[in-house]
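I would like the atomic coordinates for the input below:
(chains A and B)
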Protein chains: 2
Amino acid sequence: MDIQRYVLDKAAGAKAAARILASMNTEAKNRALLRMAEALEAAKDRLIVENRKDLESGRKAGLSNAILDRLELNDARIRQMAVGLREIAALPDPVGAISEIRQRPNGMAVGRMRVPLGVIGFIFESRPNVTADSAALCLKAGNAVILKGGSEAIHSNTAIITVLKEAAGAEGFPEDAIGFLDTTDRQAVMELLKLEDYIDVVIPRGGEGLIRAVTENSKIPVLKHYKGVCHVYVDRSADLSMAEEIGFNAKVQRPGTCNAMETLLVDRAVAADFLPRMIERLTKAGVKVHGCETTRELVPGTPGLAPDDFHKEYLDLEMNCRVVDGIDAALDHISRYGSNHTETIVTENHARAMKFLREADASAVMINASTRFNDGFEFGLGAEIGISTTKLHAYGPMGLEELTAQKFIVFGSGQLRK
Amino acid sequence: MDIQRYVLDKAAGAKAAARILASMNTEAKNRALLRMAEALEAAKDRLIVENRKDLESGRKAGLSNAILDRLELNDARIRQMAVGLREIAALPDPVGAISEIRQRPNGMAVGRMRVPLGVIGFIFESRPNVTADSAALCLKAGNAVILKGGSEAIHSNTAIITVLKEAAGAEGFPEDAIGFLDTTDRQAVMELLKLEDYIDVVIPRGGEGLIRAVTENSKIPVLKHYKGVCHVYVDRSADLSMAEEIGFNAKVQRPGTCNAMETLLVDRAVAADFLPRMIERLTKAGVKVHGCETTRELVPGTPGLAPDDFHKEYLDLEMNCRVVDGIDAALDHISRYGSNHTETIVTENHARAMKFLREADASAVMINASTRFNDGFEFGLGAEIGISTTKLHAYGPMGLEELTAQKFIVFGSGQLRK
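Now for the predicted structure:
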């Protein structure tokens, strides 16, 4: 197979499909999504058979049990995928919304209209449920999508996409609306990333390695987050029992996620009161806490810090703790080591709460809430295709609206430029 | 000079300055802008002396009179630069605006806060007034900027930046808030484009060659437009005298701009009525019209079309004319040859007006108005740093708001994720 030709054909098909998708009305898109949900449930046995092939090769290739678990499809997971599609069908359609109409002095009305982005390249790893979810989000926002999953899930993904394509096709959607690179050739992604005349944006979702490789090689704009090095800062005016709950929840509730806390920053003024019980509770829950010198004086037996630890995204029951001289030192630490993901202050002091809200540079900045809330569902977007930690186009969870753009529209009556 | 080290130092300085700028309040920023305006007027003699050096080398290097004219500074132009800065001071500050606060079921309030982008790399050609304007826009939106002007304006730009820096410094702004690569080494831009850890966005402004070179070499996201191949479509239900005025204005009022019309599309149903007088008027004004076969039958003597003409941005008194079979054919033509810049329909038919508004894919789509209105001032943004014809982040004229991002903010009272 000539891989360059193959990818170019997919991209050209997607671009042609995008023009048709952009003019599909909400009813038609929702009908397709509901049919896709039904079709997945109806195809459940076939999907499980195909998924077993991936699981077997994965076992032979020595994939970890954690990865094999994420890869596995079963009745409940397929049902959950269908529920996801129905939820997306129920969300409001962002496309076509007109806003900010202003009357100009010459009588023209100038406003904005929300339009699809066009063609989205979505490159992801492992979990097959992401396949259905992302295809559905792109379709609802009026975009064509080209999906490229990990080679470990090739059979599962091919089967899922086939089902989705058939269902969408039966509702009159062009075949190339949901494109899929059904190859394990790594060169396919490299070819895709060159096609800036066909693809409008690339969204990689997976480990830092994947995201760096995509960013470094892409001629197309990339929406991404590299990693989540999130902080909780416990201010001198914090309600210390609230701080303990938030610190515990932010680390322990699901440590493998990007919005889990990696470093706890504690104002020196309350460190002696707060740290011993906080660290005791974390340690009891199996968390390994690397402490700064002051932390280790206050809580003897706490392991020390390696030079690089403040940069680490542990994604595990492991974290750092540092005592700082107040809010400015906390903000300095975050500016230096943070990854623009999620930052929380715990305080009852209004001025410092608002200062932190303004000055911490992250996609989500919180007062008195767990970092774990930085998520499209929790924020009320209904769904998310990823979280952006760069500021261009989207900053934070990306829902349907972030899969669209706004063009200017002008209602004139013969105006001429003087 | 070690150019890599030099550019890296500028970028690191800008990143540090950006953090300070982000927390500057509106009053402080406006004071600096007004002082910069005064300082430019006070330094007028010095600026003109430095500008003469550029004009002399330009003349020796054989630059065209048009370029030399754009390069020239005089009393009136310096006054105009100062007026521009005062206008930017008078615009509302986008930074810190909080919007879309929603109450979540668990009692958290989730909203968005507008924040600066950070560090902007601005790479431009020729006109020295762009220097002051872009520095002022970036500063007002709370961003640090690194400017790189064309080598033909190096003395003028160095002088302008020195004046602006001194004035901003006197109002307490860090020196690196307005950075400037005072070198004519082309490698400087290449080094700049690698520094994705320091610079958040690059905005090139100039010819297509500059913009392509920046886009192809940048590791940093780029906001740009390549060219403006804009169309006016005269529908069968157009008011034909309005269509004639709009067609004439769109081409002739200032043909060297990106929002001037390059191709006139005419519905076959009105071509015989409309085209003879339209082409006569254009021709009388010195416009060379390349016509399709039907055009040439209707208006004998019209020159023909070369295969590539529909892709051309003439930037001159030259254009194409094509007769099409109604609105779908017009939209097909625009989809194939358009550059996502500006598209206008002239019609009295509501359904077709709205169809065109929805389906034409461009940064500005207009009903019954000249394409020449696609401009930040004309649209009421107050000022513009450029026009984006890609959909990510900004689509159309970019004003102060487009130089910012929105982060999520959360007002909690101890919420934990379950």
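
quick one, longest helix in chain A?
Longest helix of chain A, by residue count under DSSP state H: helix A:3-22.

any idea how far that one is from the chain center?
25 Å (Cα atoms, centre = their mean, to the nearest Å).

work out for me the element residue A:289 sits within.
Secondary structure from DSSP states H and E places residue A:289 in strand A:288-291.

any buried residues in that strand, and which?
A:289-291 (16 or more other Cβ atoms under 10 Å in any protein chain shown). To be clear about C-beta, it is placed using only N, CA and C from the backbone, and glycine gets the same treatment.

elements contacting whichever helix or strand comes after that strand?
In the C-terminal direction, the helix or strand that comes right after strand A:288-291 (DSSP H and E) is helix A:293-298. Applying 3 or more Cβ pairs under 8 Å, 6 or more residues apart in numbering or on different chains; DSSP states H and E, one finds that helix A:293-298 contacts helix A:268-284, strand A:318-324.

try 6 Å
Packing partners of helix A:293-298 (3 or more Cβ pairs under 6 Å, 6 or more residues apart in numbering or on different chains; DSSP states H and E): strand A:318-324.

distance check, residue A:76 against chain B.
Plainly put, residue A:76 is 20 Å away from chain B if you go by Cβ to the nearest Cβ, to the nearest Å.

now do residue A:371
Separation of residue A:371 from chain B (Cβ to the nearest Cβ): 9 Å.

the nearest residue to residue A:78 once chain neighbours are set aside: how many residues sit nearby?
Excluding its sequence neighbours, the residue lying closest to residue A:78 (Cβ to Cβ, 6 or more residues apart in numbering or on different chains) is residue A:44, at 4.8 Å. Applying other Cβ atoms under 10 Å in any protein chain shown, we find 18 residues neighbouring residue A:44.

what's stretch A:120-140 in contact with?
The set of residues external to stretch A:120-140 that reach it, using Cβ atoms under 6 Å, 6 or more residues apart in numbering or on different chains, is A:29, A:33, A:70-71, A:73, A:81, A:84-85, A:88, A:143, A:145-150, A:153, A:156-157, A:160, A:164, A:178, A:192, A:199, A:201-206, A:214, A:383, A:385, A:400.

out of those, who's near chain B?
residue A:201 (Cβ under 6 Å from any Cβ of the partner chain).

restricted to strands, list the contacts of stretch A:120-140.
Among the contacts of stretch A:120-140, DSSP state E puts A:145-148, A:178, A:201-205 in strands.

out of those residues, flag the one nearest to residue B:227.
residue A:201 (21.0 Å; Cβ to Cβ).

dump the residue contacts of that closest one.
A:117, A:120, A:221, A:223, B:392.

hang on, the fourth one packs against residue A:203?
Yes: contact between residue A:223 and residue A:203 holds when scored by Cβ atoms under 6 Å: they sit 5.0 Å apart.

re the thing from before, tabulate the contacts of residue A:201 (CSV), appending distance to residue B:236, pLDDT and neighbour count.
Below are those laid out as CSV (distance: Cβ to Cβ, whole Å; pLDDT from 0 to 100; neighbours: other Cβ atoms under 10 Å in any protein chain shown):
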residue, distance to residue B:236, pLDDT, neighbour count
A:117, 32, 97, 26
A:120, 36, 98, 28
A:221, 39, 92, 21
A:223, 42, 93, 27
B:392, 36, 94, 20
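
among those, which one lies nearest to residue A:312?
Closest to residue A:312, out of all of the contacts of residue A:201 and judged by Cβ to Cβ, is residue A:223, at 24.2 Å.

how close does the closest one get to residue A:196?
15 Å (Cβ to Cβ, to the nearest Å).

need the residues of the stretch 1-150 of chain A near chain B, please.
Residues of the stretch 1-150 of chain A found near chain B (Cβ under 6 Å from any Cβ) are A:23, A:102, A:108, A:110, A:117.

what separation is there between the first one and residue B:329?
Counting by Cβ to Cβ, the separation of residue A:23 from residue B:329 is 16 Å.

same check, this time on residue A:391
Where residue B:329 is concerned, residue A:391 sits at a distance of 41 Å (Cβ to Cβ).

so between those two, which is more surrounded?
residue A:391 (23 against 16).

which residues does the residue nearest to the more buried one when sequence neighbours are not counted contact?
Nearest non-adjacent residue to residue A:391, counting by Cβ to Cβ, 6+ apart: residue B:405, 3.6 Å away. Residues in contact with residue B:405 (Cβ under 6 Å, 6+ apart) are A:391, A:395, B:115, B:117.

how about low-confidence regions in the stretch 1-150 of chain A?
Low-confidence segments of the stretch 1-150 of chain A, defined by pLDDT under 70: A:1, A:126.

hey, where'd the helices end up in it?
A:3-22, A:26-42, A:44-60, A:65-71, A:75-90, A:129-140 (DSSP state H, counting those that start in this stretch).

pick the most buried one from those helices.
Of the helices of the stretch 1-150 of chain A, the one with the most neighbours on average (mean count of other Cβ atoms under 10 Å in any protein chain shown) is helix A:129-140, at a mean of 25.

with just CA atoms, put that one into CSV.
Output in CSV follows, covering the C-alpha atoms of helix A:129-140 (Å, rounded to 0.1, in the frame of the first residue of the first chain):
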residue,chain,number,x,y,z
ASN,A,129,-14.6,3.9,23.9
VAL,A,130,-12.8,7.1,23.0
THR,A,131,-13.3,6.1,19.3
ALA,A,132,-17.1,6.4,19.5
ASP,A,133,-17.1,9.4,21.7
SER,A,134,-14.8,11.5,19.6
ALA,A,135,-16.4,10.5,16.3
ALA,A,136,-19.8,11.6,17.8
LEU,A,137,-18.5,14.9,19.2
CYS,A,138,-16.9,15.8,15.8
LEU,A,139,-20.1,14.9,13.9
LYS,A,140,-22.4,16.8,16.3
